[in-house]
Every structure is written in structure tokens, then in C-alpha cells.
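Q: output the structure for:
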Amino acid sequence: MAEKTTKPKRKAAASAKPSSDGSLLRQLSDARYERRYEPTTSPFAIVTVLLFSLGAVALGAGVYAQWLRSADGPHPYALYILIAGAVVLLGVALFGQGPARPVRVGDGGVAIEREDNNMERIAWCDISRLLVDGSTVTVQGDGTTISVSRGVHAAAAARIVSEARDRVPSKVGDDVQVKAPEGAADPAKERLEPPQIAGKTCKASGTVISFEKDARLCGRCGELYHKKSVPDRCLTCEAPLK
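A: Residues are numbered from 1 along each chain as shown. The predicted structure follows:
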């Protein structure tokens, strides 16, 4: 019979410090923090903006030269200018790179700020897979996928992998590593709002948690429990809860 081996447990993330009794159990009102990473500007994004501007100018000039000129009639090259502008704009729409959005990493998991102040978030406990390739760190889970560019978000990508290895190591391969840019400094921590628990259930008992006072969180991965059904260790990340 093969000898069973166990992997050494990873230390808890720095932001999830245990209480004096060693427990990582938290109440909903306990302070939580995250870091907000602004993207850097990529050369491709700059080229995209320039091409869009040139295409828009060419399209406008073509329309004017073809239909809005004086009684002299359309310009001889109006149609060519019009087509060139339309082709450039179509190319930008299909292959251009828009501005990257800010990324947040911390006790609440991984989040990306969308337009109209919408936030798309995946909690650490909801991560099903974390994929890393040469250009992107991709977080999958709970019907949502967040892709973070290692180019314009190098520091955020490194932080995501580092915290995932501490918080949910089973979702990260042992050989997966992303180094932060040399000399890069993490942004300061910002206070995070309490998570929404409406309609959510206890991981251990399946009980719907209706009142905030009954909710308890794992301070490492954010898993949700009813105060009467808290296990000794978190069922998702094995953090000590009692």
C-alpha cells in the first residue's frame, strides 16, 4: 500500500491575521481591506486611440468631400477617403485595445471595475480555477471570469497569484508564480464594505442566513457560515475557525 503524503499547509495571508486564540473567524462588521491597482498605459492602447482619431477624421472629411461641398460637386478622392476612414474604424472596433480597468485585490477577493461604476467580483472561496499564461492571469468562479493583463496590470497580477497561494492554495498549481515588477510598490489598503449576504446560505449547514448578526466569515477565504454551524476548520481553505 502506497504511503500517503500530505503537503505542508501554507501560512495565512498577511491581511487575514488570526485572533489571539488563533481563530480566523470574523463577523460581518469586522474591518476588511483591499488594494486598488490602476493600469499602466500600453503602447497598443495608444496606437488604438490614434487610429480611431485618424479614422474618425478621415470618415468626416470623406462625408464632407462627397456630399457637403459647394456647387463644385464631390472631390475626386472623396470616395477613397471615405472608404479609408470606414476601414480604419472597423479595424479599431475589431482589433483595437480599449483602456484597461482598475483591479482590486484583497479580503474581498479579486474585482474589476466596469463602466458605470459597476464592480465585478469573485470571492476567494468562489474561485474554481486560477489560470496563468504569459500575458494574462485569469480568475474563474461563480459564473464569472476576470482576466487581468500581466502587461498593464503587472503588480495586480502578481498580487492575485500571491494571495491566492496563501488563501486558496488548492486552486493554484505549485509551479505557478508571477513576480511583481522590480521596484513596484503596492497601493495603500482601502476599507472594504461588508459583503452582501441576502439569499446566501451557510457553507456547512445550507441554512439561509437572513440576519447579518447571524453571519460569520472565514477571514482567509471569505467563506460564509451561520454562527450556529461554524466548523472547527473552514471547509474551503482549512483555516482554523475555533
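Q: please make it C-alpha for all contacts and neighbour counts, starting now.
A: Noted.
Q: which elements pack onto the longest helix seen in the chain?
A: Counting by DSSP state H, the longest helix found in the chain is helix 43-63. Applying 3 or more Cα pairs under 8 Å, 6 or more residues apart in numbering; DSSP states H and E, one finds that helix 43-63 makes contact with helix 78-95.
Q: which elements pack onto the helix it packs on?
A: Counting contacts by 3+ Cα pairs under 8 Å, 6+ apart, helix 78-95 is packed against helix 43-63.
Q: the inter-axis angle of the longest helix of the chain versus helix 78-95?
A: With axes from the mean of the first three to the mean of the last three Cα atoms, to 10 degrees defining the directions, helix 43-63 sits at 150 degrees from helix 78-95.
Q: and helix 43-63, which residues are buried?
A: Within helix 43-63, the residues that count as buried by 16 or more other Cα atoms under 10 Å are 48-49, 51-52, 54-56, 58-63.
Q: contact partners of that helix?
A: The contact list for helix 43-63 (Cα atoms under 8 Å, 6 or more residues apart in numbering) reads 78-89, 92, 96-99.
Q: which residues does the residue nearest to residue 184 when sequence neighbours are not counted contact?
A: Distances taken as Cα to Cα, 6 or more residues apart in numbering put residue 155 closest to residue 184, at 6.9 Å, once the chain neighbours are dropped. Neighbouring residues of residue 155 by Cα under 8 Å, 6+ apart: 37, 180, 181, 184, 185, 186.
Q: and the protein, what are its domains?
A: 10-29+194-242, 32-40+101-192, 43-95 (automatic domain parsing).
Q: including mean pLDDT, could the ones you listed go into JSON lines?
A: Converted to JSON lines, the domains of the chain look like this (pLDDT from 0 to 100):
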{"stretch": "domain 10-29+194-242", "mean pLDDT": "88"}
{"stretch": "domain 32-40+101-192", "mean pLDDT": "92"}
{"stretch": "domain 43-95", "mean pLDDT": "87"}
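Q: ok so, going back, buried ones among the contacts of helix 43-63?
A: 78-79, 81-86, 88-89, 92, 96-97, 99.
Q: wait, a strand at the residue nearest to residue 184?
A: No: assignment of residue 155 by DSSP: H, G, I helix; E, B strand; the rest coil gives helix, placing it outside any strand.
Q: relative to residue 80, how far out is it?
A: According to Cα to Cα, to the nearest Å, residue 155 and residue 80 sit 45 Å apart.
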